[in-house]
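Undergrad: compute the structure for the input listed below.
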Amino acid sequence: MGSSVDQLEDSKVKITVEVDESAVDEAIDLAFKKISKDVKLPGFRPGRVPRKVLEAKFGQEYARSEALNELIGTNYRTAVIAHEVDSIAQPEVTITKGEESGPLCFEAVVVVRPEITVNDYKELKVTLPPLEVSQEEIDGQIDSLREQASERNEVTRPAISGDYVTIDLSGSQDGEPEESLTADDFTYEIGSGFIVETIDESLLGAKIGEIIEFEGDHPNEEGSLLSFKALIKKIEEKSLPELTDEFIAEMTEFETVDLLTEDTKIRIEETKKHQASNMLLEQIGSELADLVSEDPPETLVQEQIQQQLQEMAMRMAQQGMQFEQFLEATGQDIESLAENMKEPAARVVKIDLALRAVAKAEGLTVEGADVDEELGKLAEHFNQDQQQLEEIFVENGQMLTLKADLLKQKAMQYLEENVEIVDTEGNAIQREDLLFEENPDIEENISENIEEEPTSEDNEEEEKSE
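TA: Okay, the predicted model is just below:
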């Protein structure tokens, strides 16, 4: 087999493939064997009908047509993998020679992933939250520890925010009493959130023995009104323990308040740095998408939507929920859900195209050593032999995807190292102050495609069994 690729306009290429006559004859012979297995003729067992009988009944043209279809599919795929054609649609195939006799020659015109130009990517500026830890943030963390050991003390004063009130509650929906909204000795912390927001302002200043009334819109049923009456039976204030070394030693692994404070500051700081690092990648992607003026190919957008739907279904299955149950519970159908995903999916495609454009503009390349290193990581992750894994990638046509992912990672790394990073006050943030984690995208993107294809020995065993 020989093949070549010619670039056409409108992000298309023409793949020309030639198959010699001996390969065509072999494919025709295999086609007759398959026909022999599928047909039933009087006097012959399935699979034992002589070729001459089949030729007389069906004609050689039928078998040749079946053989050419098989050859076109197989050789097209081989050519796409060999020339690393990044096709994004089904090809338009034209047989130019050999439809009736002799060697086969065909042309396949296919749409490939477009190459775009991204201007102004060198001027990107990303804004992140400040990395400094405030005293309020430290106090908030430590106060949550004090909250765990808090006590309630009954008071006789009017209720204030943060108090616990014990009430007999009765509710109605659209004027009709509703048992599910009725409860005796119901304890509620003012400010914690309820079915209707008006409960908090209604309880502020309330006194023991008082009956208060409040109402609000039903949160899940538009146009429906919920009404409540509450008898105030008890008011309790929350008392936090004093922050002492003794309390800290009893509640934590630290001996003093100062040691806990220092550790809390470090942990908040690390969390902020990790969050800022992740946000940096998201912001770079978002800024890149805004630089892409062209509409992304609909084929790629739909492919991204399908991928997102599959990932959503898998996550739900892991949680024990069927995708159909989710759609029913949310009142959606698959078409409306996919339509809602279209805009974010288009942005993902734009980011993909933009990263490839940056890589090309900066002359970034993926070397054999890069591929070997990544295959080594993947082989270790999936507990497979590296050479075997590489063969699977080549056979499945996934090597192009692997190289593209590595190239996009290099483009993102370039942007991480070169974009201007400032906080909300306009102060520069140093890259060394951020904490980056290893990006697992490659493993996530291609793990589901690592499926070992049957070997020739497997096929031979299958044929014997048949």
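Undergrad: so where do the strands sit in this structure?
TA: 2-7, 12-19, 92-97, 104-111, 125-128, 151-155, 164-173, 176-177, 183-189, 211-217, 225-239, 420-423 (DSSP state E).
Undergrad: of all those strands, which lies closest to M279?
TA: When those are compared by Cβ to Cβ, strand 125-128 sits nearest M279, at 5.7 Å. All C-beta spots, glycine's among them, are computed from the backbone N, C-alpha and C.
Undergrad: the closest one - what's its average pLDDT?
TA: Average pLDDT, strand 125-128: 93.
Undergrad: other SSEs contacting that strand?
TA: Strand 125-128 is packed against helix 257-291, strand 420-423, with contacts defined by 3 or more Cβ pairs under 8 Å, 6 or more residues apart in numbering; DSSP states H and E.
Undergrad: mean neighbour count and distance to V196 added to those, as TSV?
TA: Listed next are the helices and strands packed on strand 125-128 as TSV, based on neighbours: other Cβ atoms under 10 Å; distance: least, Cβ to Cβ, whole Å:
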stretch	mean neighbour count	distance to V196
helix 257-291	16	33
strand 420-423	16	38
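Undergrad: can you list those in TSV and add distance to E66 and mean pLDDT?
TA: Formatted as TSV, the helices and strands packed on strand 125-128 follow (distance: least, Cβ to Cβ, whole Å; pLDDT from 0 to 100):
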stretch	distance to E66	mean pLDDT
helix 257-291	47	94
strand 420-423	61	92
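Undergrad: could you find the closest non-adjacent residue to L364?
TA: Counting by Cβ to Cβ, 6 or more residues apart in numbering, the nearest residue to L364 once its immediate chain neighbours are dropped is K410, at 4.7 Å.
Undergrad: that neighbour: what's it in contact with?
TA: Residues counted as contacts of K410 (Cβ atoms under 8 Å, 6 or more residues apart in numbering) are 359, 364, 366.
Undergrad: D405 is in contact with the last one, correct?
TA: Meaning V366. No: look at V366 against D405 with Cβ atoms under 8 Å: they stay out of range, at 9.2 Å.
Undergrad: neighbours around the nearest residue to A338 once chain neighbours are set aside, how many?
TA: Among residues not flanking A338 along the chain, I305 sits closest, at 5.2 Å (Cβ to Cβ, 6+ apart). By other Cβ atoms under 10 Å, the residues close to I305 number 21.
Undergrad: quick thing: my sequence starts at 5, can you match it?
TA: Yes, from this point I'll number from 5; that puts the last item at I309.
Undergrad: and I309, how far from L404?
TA: As judged by Cβ to Cβ, to the nearest Å, I309 and L404 stand 22 Å apart.
Undergrad: right, and the helices and strands packed on strand 129-132 - which one's nearest N157?
TA: Judged by Cβ to Cβ, the one of the helices and strands packed on strand 129-132 that comes nearest to N157 is helix 261-295, at 23.9 Å.
Undergrad: packing partners of the closest one?
TA: Helix 261-295 sits against strand 129-132, helix 139-152, helix 249-255, helix 338-365, helix 403-422, with contacts defined as 3+ Cβ pairs under 8 Å, 6+ apart.
Undergrad: to Q64, which of the ones you listed lies closest?
TA: So among these, helix 403-422 is nearest, using Cβ to Cβ, at 38.1 Å.
Undergrad: for the closest one, which positions count as buried?
TA: Neighbour-count burial for helix 403-422, counted by 16 or more other Cβ atoms under 10 Å, picks out 403-416, 418-420.
Undergrad: gap between V370 and N282?
TA: From V370 to N282 the distance is 24 Å (Cβ to Cβ).
Undergrad: and if you look at I194?
TA: Note on I194: its distance to N282, by Cβ to Cβ, is 36 Å.
Undergrad: ok, back up a step: who wins for neighbours among the contacts of K414?
TA: Of all the contacts of K414, the most densely surrounded is A363 (21 neighbours; neighbours counted as other Cβ under 10 Å).
Undergrad: I'd say that residue and K412 touch.
TA: Yes: using Cβ under 8 Å, A363 makes contact with K412 at a distance of 6.9 Å.
Undergrad: centroid residue for the chain?
TA: Nearest to the geometric centre of the chain sits Q312, at 5.7 Å (Cα atoms, centre = their mean).
Undergrad: what's the neighbour count on the closest residue to that one other than its chain neighbours?
TA: Distances taken as Cβ to Cβ, 6+ apart put M345 closest to Q312, at 5.6 Å, once the chain neighbours are dropped. By other Cβ under 10 Å, the residues close to M345 number 20.
Undergrad: how near is the residue nearest to E298 when sequence neighbours are not counted to K276?
TA: Leaving aside its sequence neighbours, E298 sits nearest to I120 (Cβ to Cβ, 6+ apart; 5.8 Å). Separation of I120 from K276 (Cβ to Cβ) stands at 35 Å.
Undergrad: try G430
TA: Separation of G430 from K276 (Cβ to Cβ) stands at 18 Å.
Undergrad: and for A349?
TA: Separation of A349 from K276 (Cβ to Cβ) stands at 31 Å.
Undergrad: who's in contact with N431?
TA: Shown in contact with N431 (Cβ under 8 Å, 6+ apart): P134.
Undergrad: just to revisit the earlier point, does the residue nearest to Q312 touch I309 like I think?
TA: Yes: using Cβ under 8 Å, M345 is in contact with I309, at 4.9 Å.
Undergrad: distance of the residue nearest to the centre of the chain relative to A93?
TA: Distance of Q312 to A93, computed by Cβ to Cβ: 20 Å.
Undergrad: low pLDDT regions in the stretch 5-154 of the chain?
TA: 42-57, 59-61, 63 (pLDDT under 70).
Undergrad: what number of residues lie near D221?
TA: 15.
Undergrad: nearest residue to it other than its sequence neighbours?
TA: Excluding the flanking residues, the one nearest D221 by Cβ to Cβ, 6+ apart is L229, at 6.5 Å.
Undergrad: residue contacts, the one you found?
TA: Counted by Cβ under 8 Å, 6+ apart, L229 has contacts 177-179, 219-222.
Undergrad: what number of residues lie near R351?
TA: Residues near R351, counting by other Cβ under 10 Å, number 19.
Undergrad: contact partners for it?
TA: 290, 293.
Undergrad: roughly how far apart are it and F198?
TA: From R351 over to F198 (counting by Cβ to Cβ), the distance is 37 Å.
Undergrad: cool, and L438?
TA: Counting by Cβ to Cβ, the gap from L438 to F198 is 40 Å.
Undergrad: do the same with S8
TA: Taken as Cβ to Cβ, the span from S8 to F198 is 71 Å.
Undergrad: neighbour count for those two, which is higher?
TA: Taking neighbours as other Cβ under 10 Å, S8 and F198 compare with F198 leading, 17 against 11.
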